[in-house]
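Visitor: build me a model:
(chains A, B, C and D)
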2 protein chains.
Amino acid sequence: MAANLKPGTTKARILDTTAELFMRYGYTGTGLKQIVADANAPFGSLYHHFPGGKQELGVEVIHRSGAMYLELVLGVFDAAPDIVTGVHDCFAGAAEVLRATDYADACPIETVALEVASTNEPLREATAEVFESWIEGATEKFRAAGIDDSTARELSISVIALLEGAFVLARASRATEALDAAGKTAAAAVEAALRR
Amino acid sequence: MAANLKPGTTKARILDTTAELFMRYGYTGTGLKQIVADANAPFGSLYHHFPGGKQELGVEVIHRSGAMYLELVLGVFDAAPDIVTGVHDCFAGAAEVLRATDYADACPIETVALEVASTNEPLREATAEVFESWIEGATEKFRAAGIDDSTARELSISVIALLEGAFVLARASRATEALDAAGKTAAAAVEAALRR
DNA sequence: GAGAAACTAGATAGATCGCTCTAGCTGGTA
DNA sequence: TACCAGCTAGAGCGATCTATCTAGTTTCTC
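Guide: Numbers count the residues shown, from 1 in each chain, chains lettered A, B, ... in the order given. Just a heads-up that it's a prediction; the model follows:
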């Protein structure tokens, strides 16, 4: 966990920089030299804070980014008057961020998840844990709105899949049409579950 | 296009091998040395057939894999008695392939699409073209079933996003739960569009 | 203020990256 | 047979990759 870690420290700068680079260039596409350069950190510090090297850094970044993103999305949910609006706002917000960052900042771990799924067990497990935490977080919200357990979980998985899938299409096409369409479908799926 | 290309030739072997490696290891994660080794091809042949190097090879692999996958999915669609069953069968078939290949063979271009979206324009455009061809192919099927144009396109995007997103979750968790859930949601979305 | 621990700093090793280069081989045509 | 593309074959280049190593600096504790 990246708890009680003072912001602005070398370690925090390395983690934040790495998270950003992972979003844009992926795991294999991000070099350690580039990380320390962008983070204004000396190379030695990297291996001091992460003796396990790139893999240990990657695991920590995934957990950290995953936790931050969960909080961000739950915040959007809590600010909305109901869960249908909440889901809609998540997709709309994601579209806005994507446009503002020239289609770079989408999901912080999606690219890494696909890259490492067949090559690096510790990293794969980290991404699986993050996705599971997102699913559980969303399931809790849907259950609280009166949707039964099994439906709530299926719905959570589908909404997250819609978001992740739309990110791929949106980044490839450099357009937010996919996020708009997926957002509509996600909201409709939630409405249908509520009516059941 | 990879039309009229005899199978078994050096060029075809290179293309097929590269496509498989891209699925498992992504674009940056796949080395040219590994490609020629796996394809049983000499290094010189690679640059003879693809003077533009890795990028030209990548573009051709993306177009080729994209066209093959489109045909595969349309085949599943045509074999089904109706489009709701067709969509369901696509997700079920994908789950089966994933299980059979130890969660390696999902979408042939998704990983590459995310990797190159912010780093390589020609490759990014190739992935965007493939996704657009898939969207148009699905839209045509839905329109043929009586769904209006704009709804059909939104539905196509959503179904593809569900599939791509489920691939990420399934490969990360090494389980097909996400494909099952996304498949149910996709089928429900198609049913809803038909009832409109 | 002394000593230990934490951290910074960067040169460098060894492997691998994409790519270029020159030869040699093969099959079809004159 | 002579020739010429098309293709095969792989050595090797400069750059870059992750990781290790030693040394210097700062910060905290007693």
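Visitor: alpha carbons only for contacts and neighbour counts from here, please
Guide: Will do.
Visitor: give me the element A:P7 is part of.
Guide: Here A:P7 sits in a region with no helix or strand, counting by DSSP states H and E.
Visitor: my bad, should have said A:A41
Guide: Element membership of A:A41 [criterion: DSSP H and E] is none; it lies in no helix or strand.
Visitor: give me the neighbour count for A:R196.
Guide: 9 (other C-alpha atoms under 10 Å in any protein chain shown).
Visitor: do A:D89 as well
Guide: 19.
Visitor: now do A:V130
Guide: A:V130: 21 neighbours (other C-alpha under 10 Å).
Visitor: and the residue lying closest to it once chain neighbours are set aside, what does it touch?
Guide: Taking C-alpha to C-alpha, 6 or more residues apart in numbering or on different chains, and ignoring the residues beside it in sequence, A:V130 has A:G66 as its nearest neighbour in space, at 5.5 Å. A:G66 makes contact with A:108-109, A:130-131 under the criterion C-alpha atoms under 8 Å, 6 or more residues apart in numbering or on different chains.
Visitor: tell me the SS of A:G66?
Guide: Here A:G66 is helix, with the state taken from DSSP: H, G, I helix; E, B strand; the rest coil.
Visitor: from DNA strand D, how far out is it?
Guide: Distance of A:G66 to DNA strand D, given as C-alpha to the nearest atom of the strand, to the nearest Å: 21 Å.
Visitor: one more: A:A170?
Guide: Relative to DNA strand D, and taking C-alpha to the nearest atom of the strand, A:A170 is found at 26 Å.
Visitor: A:I14 too?
Guide: Relative to DNA strand D, and taking C-alpha to the nearest atom of the strand, A:I14 is found at 14 Å.
Visitor: A:W134 now?
Guide: 28 Å.
Visitor: pull the number of nearby residues for that residue.
Guide: 22.
Visitor: which residue packs closest to it, ignoring adjacent ones?
Guide: A:W134 sits nearest to A:L70 (C-alpha to C-alpha, 6+ apart), 6.2 Å away.
Visitor: and for A:K11?
Guide: Closest to A:K11 by C-alpha to C-alpha, 6+ apart is A:H49, at 6.6 Å.
Visitor: state the distance from that neighbour to DNA strand C.
Guide: For A:H49 relative to DNA strand C (C-alpha to the nearest atom of the strand), the value is 7 Å.
Visitor: what does A:V76 give?
Guide: 34 Å.
Visitor: I figured A:H88 hits A:A187, correct?
Guide: Yes. Assessed by C-alpha atoms under 8 Å, A:H88 is found in contact with A:A187 at 5.9 Å.
Visitor: which residues of chain A lie near DNA strand C?
Guide: Neighbours of DNA strand C within chain A, by C-alpha under 7 Å from any atom of the strand: A:9-11, A:41-45, A:48-49.
Visitor: try 10 Å this time
Guide: Residues of chain A found near DNA strand C (C-alpha under 10 Å from any atom of the strand) are A:5, A:8-14, A:33, A:36-37, A:40-50.
Visitor: A:M68: neighbouring residues, count only.
Guide: For A:M68, using other C-alpha under 10 Å, the count is 14.
Visitor: what does the one 5 residues further on give?
Guide: Residues within reach of A:V73, counting by other C-alpha under 10 Å, total 21.
Visitor: looking at it now. What's its pLDDT?
Guide: For A:V73, the pLDDT comes out at 95.
Visitor: ok, now how distant is it from A:P108?
Guide: Look at A:V73 and A:P108: by C-alpha to C-alpha, to the nearest Å, they are 13 Å apart.
Visitor: hmm, back to that, mind listing what's buried along whichever strand or helix holds the residue nearest to A:W134?
Guide: Assigned by DSSP H and E, A:L70 belongs to helix A:53-79. Going by neighbour count (16 or more other C-alpha atoms under 10 Å in any protein chain shown), the buried part of helix A:53-79 is A:54, A:56-67, A:69-70, A:73-74, A:76-77.
Visitor: is chain B within reach of the following helix or strand past that helix?
Guide: Counting by DSSP H and E, the next helix or strand C-terminal to helix A:53-79 is helix A:83-100. No. Applying C-alpha under 8 Å from any C-alpha of the partner chain, one finds helix A:83-100 separated from chain B by no less than 11.8 Å.
Visitor: for chain A, what lies in contact range of DNA strand D?
Guide: Within reach of DNA strand D by C-alpha under 10 Å from any atom of the strand, chain A has these residues: A:27-36, A:42-48, A:50-58.
Visitor: redo that, cut-off 6 Å
Guide: A:28, A:30-33, A:44, A:47, A:53-54 (C-alpha under 6 Å from any atom of the strand).
Visitor: pick out the most distant pair among those.
Guide: Greatest spacing in the residues of chain A next to DNA strand D, by C-alpha to C-alpha: A:T28 and A:G44 (20.4 Å).
Visitor: those two: who's more crowded?
Guide: It is A:T28, of A:T28 and A:G44, that has more neighbours when counted by other C-alpha under 10 Å, with 18 against 10.
Visitor: look at the more buried one and tell me its secondary structure.
Guide: Per three-state DSSP, A:T28 ends up coil.
Visitor: ok, A:P108 next?
Guide: Of the three states, A:P108 takes coil under three-state DSSP.
Visitor: now it. Its backbone dihedrals?
Guide: phi -70, psi -20 (degrees, to the nearest 10).
Visitor: and it, how many neighbours does it have?
Guide: Neighbour tally, A:P108, other C-alpha under 10 Å: 23.
Visitor: and the nearest residue to it once chain neighbours are set aside, how far from A:S65?
Guide: Sequence neighbours aside, A:M23 is the residue nearest to A:P108 in space, at 5.1 Å (criterion: C-alpha to C-alpha, 6+ apart). A:M23 sits 10 Å away from A:S65, taking C-alpha to C-alpha as the criterion.
Visitor: show me whatever sits in contact with both of these two.
Guide: In contact with both A:M23 and A:S65: A:108-109, using C-alpha under 8 Å, 6+ apart.
Visitor: show me what contacts A:V84?
Guide: Neighbours of A:V84 in contact, by C-alpha under 8 Å, 6+ apart: A:187-188, A:190-191.
Visitor: only the buried subset of those, as a ChimeraX command please.
Guide: This is the ChimeraX syntax for the buried subset of the contacts of A:V84, where burial follows 16+ other C-alpha under 10 Å:
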select /A:187,188,190
